[in-house]
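Colleague: Need a 3D model of the following:
(2 chains)
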Protein chains: 2
Amino acid sequence: MQADAAYEDLIRRSREASLLASCSSLLGWDEQTYMPTGGVEHRSRQMALLAGLHHEKATDPIIGELLEQLDGTPLVQDADSPAAVNIRELKRNYQRLTRLPRSLVEEMARTVSISQQEWITARSKADYAHFQPWLERIVALKQREAECLGDGTADYDALLDEYEPGAKSAEIAVLFDALRTDLVPLVRAIAESPIKPNVAILRGEFPVDRQRIFGELVAGALGFDFSKGRLDTTAHPFCSGIGPGDCRITTRFHHDQFADALFGIMHEVGHGLYEQGLDPAHFGTPMGESVSLGIHESQSRLWENAVGRSRPFWSHFLPIAQRFFPESFPNVSLDEFHLAINRVEPSLIRVEADEVTYNLHILVRFELERELLSGQLTAADLPEAWNRKYAEYLGIRPSNNAEGCLQDIHWSAGLFGYFPTYTLGNIFAAQLFAQANTDLGNLDNLLGQGNFAPLLAWLRERVHLQGQRYRSSRLVEVVTGSPLNHAPLVQSLKQKYEPLYRI
Amino acid sequence: MQADAAYEDLIRRSREASLLASCSSLLGWDEQTYMPTGGVEHRSRQMALLAGLHHEKATDPIIGELLEQLDGTPLVQDADSPAAVNIRELKRNYQRLTRLPRSLVEEMARTVSISQQEWITARSKADYAHFQPWLERIVALKQREAECLGDGTADYDALLDEYEPGAKSAEIAVLFDALRTDLVPLVRAIAESPIKPNVAILRGEFPVDRQRIFGELVAGALGFDFSKGRLDTTAHPFCSGIGPGDCRITTRFHHDQFADALFGIMHEVGHGLYEQGLDPAHFGTPMGESVSLGIHESQSRLWENAVGRSRPFWSHFLPIAQRFFPESFPNVSLDEFHLAINRVEPSLIRVEADEVTYNLHILVRFELERELLSGQLTAADLPEAWNRKYAEYLGIRPSNNAEGCLQDIHWSAGLFGYFPTYTLGNIFAAQLFAQANTDLGNLDNLLGQGNFAPLLAWLRERVHLQGQRYRSSRLVEVVTGSPLNHAPLVQSLKQKYEPLYRI
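Modeller: Numbers count the residues shown, from 1 in each chain, chains lettered A, B, ... in the order given. Below you'll find the model as predicted:
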């Protein structure tokens, strides 16, 4: 077969597998939004069937043969060309999928299915001993998985690679250490500041239907295209790109809180803008897909934090919000409001953490999961190691394991190597935003006018439309001219929080 | 292979194909309810992929071999046993699917896709000449389809069989002729009656959110299980049984009309109760599926008309409705209201027709599509034939073809043999309701108490849980002891309308 014909066949197969996966996405979205409770068993059967059909397609040995035929052909000569990129990433996917023995995949699926239930029980009773044997089993399985995927050693990077292709944990550790060195004193200084935000102004009666309209107004202003997307409610907010022209974001509303749903929406809008900005012509191939979890998170954090928690953004939107909720927002000043939505306070629960301390929560998890996987740390010693790090990094100590090492679902679900992508996202976001600020002149002016189109266009061209042309750290380097670097994140936090807290 | 093993394999394949089809159902439901407009192209690709995968599974030659192996085995000896029923119906499905050449299926899909667009154009301009060549093409294709499916002649029954397995058009024609003979004078007598319903009382301001709550209250009272189903809004209401524990019904609300959405809901609830009543243990096999379009329609018409338009039903629900809509329903009496929701008036548009005249609309279409298919009637002569029948049966004549033979989408979509199932549904419903009335004592008492559980339980046992054990006319005969018979329908109409209109 000619290389061109082999490539065409490979792409056709990739598109078909993606199309099938997109059916699962829709079923998954429905499960989280509208499905009646009685449908859960049938839905799990549907999902299993589609997953099986997808796996069959994605691991068809013909794909391996096509990839071999394409090796060394002119198509892969220019490494950044669409064809070379697609071949590179499809090869990576194929190898990951075919290196795992079916028996291991099935054992993992069975184990995490039970262990998530056991985790729920353990957390509700703050009973770590109940969960510990399950964690041990999962760590052992993940070690075997890493051995199969990597070079035969149980290397953390083999797991990290699933979420952040090409990333190296040794480099991330250096980066995160430097970040911690800068963040810990900043968090302490804020804690010691006499300035105390008045978060009570964000509470009151905010009717859910008004919140929805205001949220859609903000989402639309940021650039979310509602002719190609939706906003719905769910218990655990997420964004799901079903396919070209169809991206679903979700949130949850609390009638007595202004900020939670709104910042959740802006976060998911960030994910959604990325999905809506992918090149539809490349749908179903790596050139039309997002780079990594870290880059995806950079988009959500950029819109939620760099844009949504900025003073200029609220100089534009606070008067509008006050017209939406006149009873609850009577005479709040911009300064008071801006401070309230940027409260920083060391806390025990990651998902409730603010922009500054959030990264310290992640660092704890990254360090501990590397040690668990390498065997340096045993599951038995996890709670004490966890609590020690919280005391050291955040200055507080969990009083029980439910607000300690039992708080996250990730490990019970077999997700190792996932956590660092959250903080990578914040680092990427800061690097990208700083560069956008340089390229577009003064972003503050644009945000203050409620004009987000230039920023979105900048991201579209440099990030969204690039698909998987570059892996994450190289993408950031190509766009900003600098290698992966924690300084812009620290700088942006200091620039915002030092004046706010008069440090 | 042993017969038992062959049967097990057959059932496994049937369940898998159904599971895959149920994924398409969910995608189809989403397309009609929540999908953003921009998602239409991607959705059509998803649907085509799933349809292709389903067709591959459903026409796998192994199924043919399994069916052959099962021929004449002890499993098929008791014709009404679950195994024999499943084998019988799976054989029918397999033969229908494999008898159609792929080229014909594809040509039909292409043609109806365009012709539906051309029909929309033609109807909007009342320009039959624009549609005529498309109708000619479709009739020719349907004749070829009938030849492939049937015994080599272009037999209407081969098409009818898709929607009403085993039904014979010659028998239906006799039944419908008898029905027409009784209905035409009844319609005339009502038209000449001095009693004129005051339908203005059904108009006013009925806030959509109140209508939704009232509609769900009625749906729940009838027995629709909202833990296993949903009600959503759409442009063209439908019911979709996704699978065990998950049935979706839809409606559309008009803020200024009380009756449209509500009777639409009761109609779809009828379909939904059938879907919710199928035996989940038999899901994915004929024993867990509905019998036919006619039996499905009998369930919707029974709840919408026999129950929902009855005087006892409203003796219970009118006071509640008046509390829901106090401004719009001030001093309406039960008699006045009951007459208004049972207005009978010959009209030109089928979908707006009342319970009595509706069947005459269907008879026109049944007679004409049989003639078109047999070649007795040419597409060129259709408008005049249509108008002549309307004048004869309903006493009115369309003034243009948009309110005449261009009004329905069915023929443009290639649906021939579909129309008669609407009136078969009404006939089945009347037979079943009359028998339930006998079996349960006085149904009027139960309906007047808002107690629908006995009727639902009766239908569950005799109809829903039977799946496809019997084909439609035999099912009705087994349940009622009488063969297919139009008399109960005529009798129920006379019993209601003669006193209402003082005939």
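Colleague: Let me see the domain layout of chain A.
Modeller: Per automatic domain parsing, the domain ranges recorded for chain A read A:3-154, A:169-501.
Colleague: List the residues that contact A:E327.
Modeller: A:204-205 (CB atoms under 8 Å, 6 or more residues apart in numbering or on different chains). C-beta: built from backbone N, CA, C; applies to glycine.
Colleague: Which of the three states applies to it?
Modeller: Classification of A:E327 using DSSP: H, G, I helix; E, B strand; the rest coil returns coil.
Colleague: just to revisit the earlier point, so which of the domains of chain A is the most surrounded?
Modeller: Ranked by mean neighbour count, the domains of chain A are led by domain A:169-501 with a mean of 19 (mean count of other CB atoms under 10 Å in any protein chain shown).
Colleague: Could you double-check that A:L104 sits in contact with A:E147?
Modeller: No: contact between A:L104 and A:E147 fails when scored by CB atoms under 8 Å: they sit 9.8 Å apart.
Colleague: and of the domains of chain A, who's closest to B:E164?
Modeller: domain A:3-154 (27.4 Å; CB to CB).
Colleague: which residues of the stretch 101-250 of chain A fall in helices?
Modeller: Counting by DSSP state H, counting those that start in this stretch, the stretch 101-250 of chain A has helices at residues A:102-125, A:128-149, A:156-163, A:169-192, A:208-222.
Colleague: which residues in the stretch 401-503 of chain A form helices?
Modeller: So, for the stretch 401-503 of chain A - with DSSP H, counting those that start in this stretch - the helices run A:420-439, A:443-448, A:453-462, A:472-480, A:487-500.
Colleague: Pipe those helices into CSV and attach mean pLDDT and distance to chain B per row.
Modeller: Output for the helices of the stretch 401-503 of chain A, formatted as CSV (pLDDT from 0 to 100; distance: least, CB to the nearest CB, whole Å):
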stretch, mean pLDDT, distance to chain B
helix A:420-439, 98, 26
helix A:443-448, 96, 26
helix A:453-462, 98, 16
helix A:472-480, 98, 26
helix A:487-500, 98, 34
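Colleague: How about the contacts made by A:Y94?
Modeller: Here A:Y94 is in contact with A:58-59, A:63-64, A:67 (criterion: CB under 8 Å, 6+ apart).
Colleague: residue of the stretch 51-200 of chain A with the smallest distance to chain B?
Modeller: Closest to chain B within the stretch 51-200 of chain A is A:L53: 6.8 Å, counting by CB to the nearest CB.
Colleague: The stretch 251-400 of chain A against chain B: which residues are in contact?
Modeller: A:F283 (CB under 8 Å from any CB of the partner chain).
Colleague: Spatially nearest residue to the residue of the stretch 251-400 of chain A at minimum distance from chain B (excluding sequence neighbours)?
Modeller: Residue nearest to chain B within the stretch 251-400 of chain A: A:F283 (7.7 Å; CB to the nearest CB). Leaving aside its sequence neighbours, A:F283 sits nearest to A:P244 (CB to CB, 6 or more residues apart in numbering or on different chains; 5.1 Å).
Colleague: Would you confirm that the one you found contacts B:V40?
Modeller: No: judged on CB under 8 Å, A:P244 makes no contact with B:V40 at a distance of 10.5 Å.
Colleague: thought A:V332 was touching A:Q322?
Modeller: Yes: using CB under 8 Å, A:V332 is in contact with A:Q322, at 7.3 Å.
Colleague: mean confidence score for the longest helix anywhere in chain A?
Modeller: Across chain A, the longest stretch assigned as helix under DSSP state H is helix A:3-33. Here helix A:3-33 scores 97 as its mean pLDDT.
Colleague: Just to check, A:L26 is in contact with B:L26?
Modeller: Yes: at 7.2 Å, A:L26 counts as touching B:L26 under the criterion of CB under 8 Å.
Colleague: about what we covered before: which ones among the contacts of A:Y94 map onto helices?
Modeller: A:58, A:63-64, A:67.
Colleague: now, which of those sits nearest A:G294?
Modeller: Nearest member of the ones in helices among the contacts of A:Y94 to A:G294, counting by CB to CB, is A:A58, at 23.2 Å.
Colleague: hang on, the earlier thing: just the ones in helices among the contacts of A:Y94 now: which is nearest A:Y497?
Modeller: A:Y497 lies nearest to A:A58 out of the ones in helices among the contacts of A:Y94, by CB to CB, at 45.6 Å.
Colleague: Nearest spatial neighbour of that closest one, chain-adjacent residues omitted?
Modeller: What sits nearest to A:A58 in space, not counting adjacent residues and going by CB to CB, 6+ apart, is A:A17, at 4.9 Å.
Colleague: distance of the residue lying closest to A:Q435 once chain neighbours are set aside from A:Q322?
Modeller: Excluding the flanking residues, the one nearest A:Q435 by CB to CB, 6+ apart is A:T480, at 4.2 Å. According to CB to CB, to the nearest Å, A:T480 and A:Q322 sit 37 Å apart.
Colleague: May I ask which helix or strand encompasses the residue nearest the centre of chain A?
Modeller: Centre of chain A computed as the mean C-alpha position; nearest residue by CA atoms, centre = their mean is A:E297, 3.8 Å away. Per DSSP states H and E: A:E297 is located in helix A:293-301.
Colleague: List the contacts of that helix.
Modeller: For helix A:293-301, contacts defined as CB under 8 Å, 6+ apart pick out A:163-164, A:167, A:239, A:267-271, A:273-274, A:290, A:418, A:420-422, A:424-429, A:432, A:459, A:463, A:472, A:475.
Colleague: got the angle between that helix and helix A:472-480?
Modeller: 50 degrees (axes from the mean of the first three to the mean of the last three CA atoms, to 10 degrees).
Colleague: what is the orientation angle of helix A:293-301 with helix A:487-500?
Modeller: Put simply, helix A:293-301 runs at 30 degrees to helix A:487-500, going by the same axes, to 10 degrees.
Colleague: before we move on, back to that, now the helices of the stretch 101-250 of chain A as CSV including distance to chain B?
Modeller: Formatted as CSV, these follow (distance: least, CB to the nearest CB, whole Å):
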stretch, distance to chain B
helix A:102-125, 18
helix A:128-149, 28
helix A:156-163, 25
helix A:169-192, 36
helix A:208-222, 10
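Colleague: The ones you listed: lowest mean pLDDT?
Modeller: helix A:102-125 (a mean of 93).
Colleague: Could you list every helix and strand in contact with it?
Modeller: Here helix A:102-125 touches helix A:128-149, going by 3 or more CB pairs under 8 Å, 6 or more residues apart in numbering or on different chains; DSSP states H and E.
Colleague: From the rest of the structure, what touches the helix it packs on?
Modeller: A:96, A:99-101, A:104, A:107-108, A:111-112, A:114-115, A:118-119, A:121-123, A:153-156, A:158-159, A:161, A:372-373, A:379-380, A:382-383, A:401, A:405-406, A:411-412, A:414, A:416.
Colleague: same thing with stretch A:429-447?
Modeller: By CB under 8 Å, 6+ apart, stretch A:429-447 touches A:297-299, A:301-302, A:305-307, A:310-313, A:316, A:452, A:454-455, A:458-459, A:462-463, A:476, A:479-482, A:484-485, A:488-489, A:491-492.
Colleague: Looks like A:V479 contacts A:R462 (just checking).
Modeller: Yes: with contacts counted by CB under 8 Å, A:V479 reaches A:R462, the gap being 4.7 Å.
Colleague: related to what we said a few turns ago, leaving out sequence neighbours, find the closest residue to the residue of the stretch 51-200 of chain A closest to chain B.
Modeller: Closest to A:L53 by CB to CB, 6+ apart is A:L20, at 6.1 Å.
Colleague: For A:N442, report the pLDDT, please.
Modeller: Taking A:N442 on its own, its pLDDT is 87.
Colleague: Please apply the same query to the one 10 residues further on.
Modeller: At A:F452, the pLDDT value in this model is 98.
Colleague: Check A:G152 too.
Modeller: 68.
Colleague: Show me where the stretch 201-350 of chain A has its strands.
Modeller: Taking DSSP state E, counting those that start in this stretch as the test, the strands found in the stretch 201-350 of chain A are A:229-233, A:239-243, A:246-251.
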